[in-house]
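Q: Here is a sequence together with a model predicted from it:
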Amino acid sequence: DQQVKQNSPSLSVQEGRISILNCDYTNSMFDYFLWYKKYPAEGPTFLISISSIKDKNEDGRFTVFLNKSAKHLSLHIVPSQPGDSAVYFCAAGRTDSWGKFQFGAGTQVVVTP
Amino acid sequence: NAGVTQTPKFQVLKTGQSMTLQCAQDMNHNSMYWYRQDPGMGLRLIYYSASEGTTDKGEVPNGYNVSRLNKREFSLRLESAAPSQTSVYFCASSEGWVYNEQFFGPGTRLTVL
């Protein structure tokens, strides 16, 4: 039962433009969300997180938005750079459930010149 | 500072064989995790260790055992490998509670014939 879904398996964006990655979840008890980035043959690396008490969190070019009523979060990358070409995973968890995050299937982002 | 290391990087087993995947971290983290990643699916938690001396089941523990050997090392054992266990396995660690990002190793690609 996949409780975290990334419905777009791939996204192509031009360098300099905005990349918007989407993630939906079904469990209303989730209260902490993270995005990870993964290059081929490497493990995922942490990108940005957001707690359910917030609806937005920014870190440089990366902004995560959380819409709790819609059970939806999105990651905005502005501006997109070639080094952003990677697979992006969203993850959701409950703060009362030790480290047990549910991950989405990932979105492959390709940034073209 | 190597972060999280995993051995081996690749492994091919025959059905019924056993093996142990090794994981070590040098960040003095309390918590460690084992995930598997299959095509079209996100990372799924197999087992985790909240702290040295404790282990607990994740989402997909069947067919696996773990040992938290000390604070640095967390191994995953397949006692009798099955083709359904063909996957990429990631080890991760975190400083502590759920608000901490997880740091991932580079993965072990396992094929069971």
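A: Here it is on my side, so go on. Residues are numbered from 1 along each chain as shown, chains lettered A, B, ... in the order given.

Q: ok, residue B:93 to chain A distance?
A: 10 Å (C-beta to the nearest C-beta, to the nearest Å). Heads up, the C-betas are built off the backbone N, CA and C, glycines and all.

Q: phi, psi of the residue nearest the centre of chain B?
A: Compute the mean C-alpha point of chain B, and by C-alpha atoms, centre = their mean the closest residue is residue B:34, 2.8 Å away. Here is the backbone geometry of residue B:34 (degrees, to the nearest 10): phi -120, psi 130.

Q: My read is that residue B:16 contacts residue B:81, right?
A: Yes. Look at residue B:16 against residue B:81 with C-beta atoms under 8 Å: they come within range, at 6.6 Å.

Q: More neighbours: those two, which one.
A: Between residue B:16 and residue B:81, counting by other C-beta atoms under 10 Å in any protein chain shown, residue B:81 is the more crowded of the two (21 against 10).

Q: ok, the more buried one - contacts?
A: B:13-19, B:110, B:112 (C-beta atoms under 8 Å, 6 or more residues apart in numbering or on different chains).

Q: Is it possible to get TSV of these that adds distance to chain A and secondary structure?
A: Output for the contacts of residue B:81, formatted as TSV (distance: C-beta to the nearest C-beta, whole Å; DSSP: H, G, I helix; E, B strand; the rest coil):
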residue	distance to chain A	secondary structure
B:13	20	strand
B:14	25	coil
B:15	26	coil
B:16	29	coil
B:17	25	coil
B:18	24	coil
B:19	20	strand
B:110	15	strand
B:112	20	strand
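
Q: phi, psi of residue B:85?
A: Per degrees, to the nearest 10, the backbone of residue B:85 is at phi -90, psi 0.

Q: List the contacts of the closest residue to it other than its chain neighbours.
A: Excluding its sequence neighbours, the residue lying closest to residue B:85 (C-beta to C-beta, 6 or more residues apart in numbering or on different chains) is residue B:112, at 5.3 Å. For residue B:112, the contacting residues are B:12-15, B:81-86, by C-beta under 8 Å, 6+ apart.

Q: what do you get for residue B:108?
A: B:6-11, B:21, B:88-90.

Q: filter those residues to the buried ones?
A: Buried by 16 or more other C-beta atoms under 10 Å in any protein chain shown: B:6, B:11, B:21, B:88-90, out of those.
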